[in-house]
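Trainee: structure for this input, please:
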Amino acid sequence: MKIAIVGAGRMGSLIGSYLSKGGEDVILLDPWQAHVDAINKDGLWLENEGEESFISHPRAYTSADQVGEIVDLLVVLVMGMYTESATRACLCLCDSHTRCLSLQNGVGNVQVLAKMFDKERLMYGFMPYGGTVLGPGRVLARAGKNAPSHFGPVGFEEPDKFMEDLAALLRKQGLDFHADKRSYIDSEVWYKIGMNCCGNSITAIARLPLGPVFNCDDITPYLDGIYNEVVAVAAALGITVAHERSGEKMPENHEMYNHLSSTAQDVKAKKQTEIDNLCGAVARMGDELGVPTPYNHFACGLIKLIQANYDKMF
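Mentor: All right, here's what the predicted structure looks like:
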């Protein structure tokens, strides 16, 4: 299978590494020239915590028009604000048979991709993983054995053979992927949105890793408020969120205790974040549906205040 991955950051590099290691023809697309050069020169070094590091050899490009080929699958793993521009730039790799899979965080990416792909060729899902780009050509991932990933169809209910084969391919290479019904994906994706809205926003605002945030009793009511609003918006859309927020404490030896969420990493690096596809999207949808979302509005507003004033912060 010929696979192009749009975005060779934390998650794009993770998927690309495992697929390339297994012998698939993988193309990584990313505008970071140093990263692309390092991958093409020395390979992509990846360490998944708890496993031995390995080097894979996907092809890497800064622009899709450098490739000159048609792919079977386009996997979109850019931040939400780049979904449309990055994917449109890669349509030269696609024909009427190319499938598109979004494994991105947040709300709204599928709707953007549906402008470019028939819903019957469009898939979406989630990966409950973390990671950090250590430098050009080097990625540290956190893809635990007890954290399965799921994806499924957008335009129909049951996964088809292409999806089952893709999930089996990823499992064969060591990633616990499953193709599932659309209704199940909807439920689980909104659960992940809820957890991301909690963890990403508060860790970025507090500039702390996940463990200290989730273990702080004083912040628990705010985490609950953010999460419960996500559940309410999903319910207004006819989606039942799969799980309640447990509120369990995170032991200090947990693999994610010291992990910085992607939004916190962006704030630390003084970059723009994808908060508009997390708390911001939930807040906008709540306004449209008549569902109050003050916690998500406030969390989004604080992140935007921080983003707009990196140069003034002490």
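Trainee: mind checking the SS state of the residue nearest in space to the middle of the chain?
Mentor: Of all residues in the chain, the one closest to the mean position by CA atoms, centre = their mean is residue 104, 3.3 Å from it. Under DSSP: H, G, I helix; E, B strand; the rest coil, residue 104 falls in the coil class.
Trainee: just the pLDDT at it, thanks.
Mentor: With respect to pLDDT, residue 104 scores 94.
Trainee: list the contacts of it.
Mentor: Residues near residue 104 by CB atoms under 8 Å, 6 or more residues apart in numbering: 76, 77, 78, 79, 80, 83, 277. No exception for glycine: its C-beta is placed from N, CA and C like everyone else's.
Trainee: narrow these to just the buried residues.
Mentor: When the contacts of residue 104 are checked for burial by 16 or more other CB atoms under 10 Å, the buried set is 76, 77, 78, 79, 80, 83, 277.
Trainee: was I right to think the fourth one contacts residue 274?
Mentor: This means residue 79. Yes - between residue 79 and residue 274 there is a contact under CB atoms under 8 Å: 4.3 Å.
Trainee: could you export the buried ones among the contacts of residue 104 as a markdown table, including secondary structure?
Mentor: Putting those into a markdown table (three-state DSSP) gives the following:
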| residue | secondary structure |
| --- | --- |
| 76 | strand |
| 77 | coil |
| 78 | coil |
| 79 | coil |
| 80 | helix |
| 83 | helix |
| 277 | helix |
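Trainee: residue 138: which of the residues you listed is nearest?
Mentor: residue 77 (17.4 Å; CB to CB).
Trainee: next one, pLDDT for that closest one please.
Mentor: With respect to pLDDT, residue 77 has a value of 97.
Trainee: just how off-centre is the helix ranked longest in the chain within its chain?
Mentor: Ranked by residue count under DSSP state H, the longest helix found in the chain is helix 182-206. On the basis of CA atoms, centre = their mean, to the nearest Å, helix 182-206 sits 10 Å off its chain's mean C-alpha point.
Trainee: kindly report the same for stretch 25-37.
Mentor: That offset, for stretch 25-37, works out to 18 Å (CA atoms, centre = their mean).
Trainee: now do the strands in this protein.
Mentor: 2-6, 25-29, 44-48, 54-56, 59-61, 73-76, 99-102, 122-126, 130-135, 138-142, 149-153, 177-179 (DSSP state E).
Trainee: out of the ones you listed, nearest to residue 199?
Mentor: Nearest to residue 199 among the strands of the chain is strand 130-135 (10.0 Å), distances taken as CB to CB.
Trainee: residues near residue 150, how many?
Mentor: By other CB atoms under 10 Å, the residues close to residue 150 number 23.
Trainee: quick one, helices of the stretch 151-300 of the chain?
Mentor: Listed in chain order, the helices of the stretch 151-300 of the chain (DSSP state H, counting those that start in this stretch) span residues 161-172, 182-206, 210-214, 220-236, 262-268, 279-289, 294-307.
Trainee: and the longest one, what does it pack against?
Mentor: By that I understand helix 182-206. Packed against helix 182-206 by the contact rule (3 or more CB pairs under 8 Å, 6 or more residues apart in numbering; DSSP states H and E) you find strand 122-126, strand 149-153, helix 210-214, helix 220-236, helix 262-268, helix 279-289, helix 294-307.
Trainee: apply 10 Å and report the result again.
Mentor: strand 122-126, strand 149-153, strand 177-179, helix 210-214, helix 220-236, helix 262-268, helix 279-289, helix 294-307 (3 or more CB pairs under 10 Å, 6 or more residues apart in numbering; DSSP states H and E).
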